[in-house]
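J.: Task: produce atomic coordinates for the following.
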Amino acid sequence: GTRKASMGAVFLTIFLDLLGFSIIFPLYPAMLEWYLGREGEQSLIGQLILFLEKATPAAEDPFLVTVLFGGLLASVYSFIQFFSSAFWGGLSDRWGRRPVLILTIAGMAGANLLWVFSGSFWLLLFSRVLAGLMAGNLSVATAVVADITTPEKRAGGMALVGVAHGVGFIIGPAIGSLSMLWNPIPVSEA
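T.: Below is the predicted model of the structure:
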């Protein structure tokens, strides 16, 4: 009944959070090229790339800059998520788990929609910060599992949390890769 539905909602929440986090991974090279070409070398992304080129042995492997660019974007998301987890956990203790999960899932959907339509690197960066902020709900989702399971069944509930992480992390990059086949904005070839 209710417990099974709650576990399904938790699974879906965690799955969507990890999907939103990882779907962008295969898109980093095209995004870097697109934003840099659109905004130029004097822009924020241009200055970031210049810094990465100077800070790394990019002459030996130019793809290293792209890898570091992706790592920085993923780190921003994860850094914000780490710090927002305590905030959402505390808020869920006061407001309840369900309202916080609904708010953060809606916020995550908005952040990902903003990312899809971001025409500037600043907007992309803002969308990833917002998504990381909302993804702090993983602590709340895990708390729901602890709340609704008996001590005997808690390990199984936490295993479901791990499965949701893994499935989201596997399917996200696959969807990101497939999305390169359907690209409404062609990447310029230099």
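J.: so what's the spatially most central residue of the chain closest to, chain neighbours aside?
T.: In the chain, the residue lying closest to the centroid (Cα atoms, centre = their mean) is Phe21, at 2.2 Å. Using Cβ to Cβ, 6 or more residues apart in numbering and skipping residues adjacent in sequence, the residue nearest Phe21 is Tyr77, 6.1 Å away. In this view, the C-beta of every residue, glycine as well, is placed from N, C-alpha and C.
J.: so that neighbour sits right up against Ala135, yeah?
T.: Yes - at 7.1 Å, Tyr77 counts as touching Ala135 under the criterion of Cβ atoms under 8 Å.
J.: Settle it for me: which of the two has more neighbours?
T.: Neighbour totals were compared for Tyr77 and Ala135, and Ala135 leads with 28 against 23 (other Cβ atoms under 10 Å).
J.: For that one, give me its contacts.
T.: 17, 20-21, 77, 80-81, 84, 104, 108 (Cβ atoms under 8 Å, 6 or more residues apart in numbering).
J.: can you pull the buried residues of the one helix or strand Leu113 maps to?
T.: The secondary structure element spanning Leu113 is helix 97-116 (assigned by DSSP states H and E). Within helix 97-116, the residues scored as buried using 16 or more other Cβ atoms under 10 Å are 97, 100-101, 103-105, 107-108, 111-112, 114-115.
J.: Can you name every helix or strand that it contacts?
T.: In terms of contacts (3 or more Cβ pairs under 8 Å, 6 or more residues apart in numbering; DSSP states H and E), helix 97-116 is packed against helix 2-22, helix 63-95, helix 121-134, helix 138-148.
J.: And the residue nearest to the centre of the chain, what's its pLDDT?
T.: The per-residue pLDDT reported for Phe21 equals 90.
J.: Quick check: it vs Ser177, distance?
T.: 15 Å (Cβ to Cβ, to the nearest Å).
J.: mind saving the C-alpha coords of stretch 169-185 as CSV?
T.: Output in CSV follows, covering the C-alpha atoms of stretch 169-185 (Å, rounded to 0.1, in the frame of the first residue of the first chain):
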residue,chain,number,x,y,z
PHE,A,169,24.0,6.8,-13.3
ILE,A,170,23.9,4.2,-16.1
ILE,A,171,20.9,5.5,-18.0
GLY,A,172,21.8,9.2,-17.7
PRO,A,173,25.0,9.1,-19.9
ALA,A,174,23.3,6.7,-22.3
ILE,A,175,20.4,9.2,-22.9
GLY,A,176,23.0,12.0,-23.1
SER,A,177,24.9,10.1,-25.8
LEU,A,178,21.7,9.3,-27.7
SER,A,179,20.6,12.9,-27.6
MET,A,180,23.6,13.8,-29.7
LEU,A,181,21.9,12.0,-32.6
TRP,A,182,19.0,14.5,-32.3
ASN,A,183,20.5,17.9,-32.0
PRO,A,184,18.3,20.8,-33.0
ILE,A,185,21.3,23.2,-32.7
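J.: Fine by me, we can end here.
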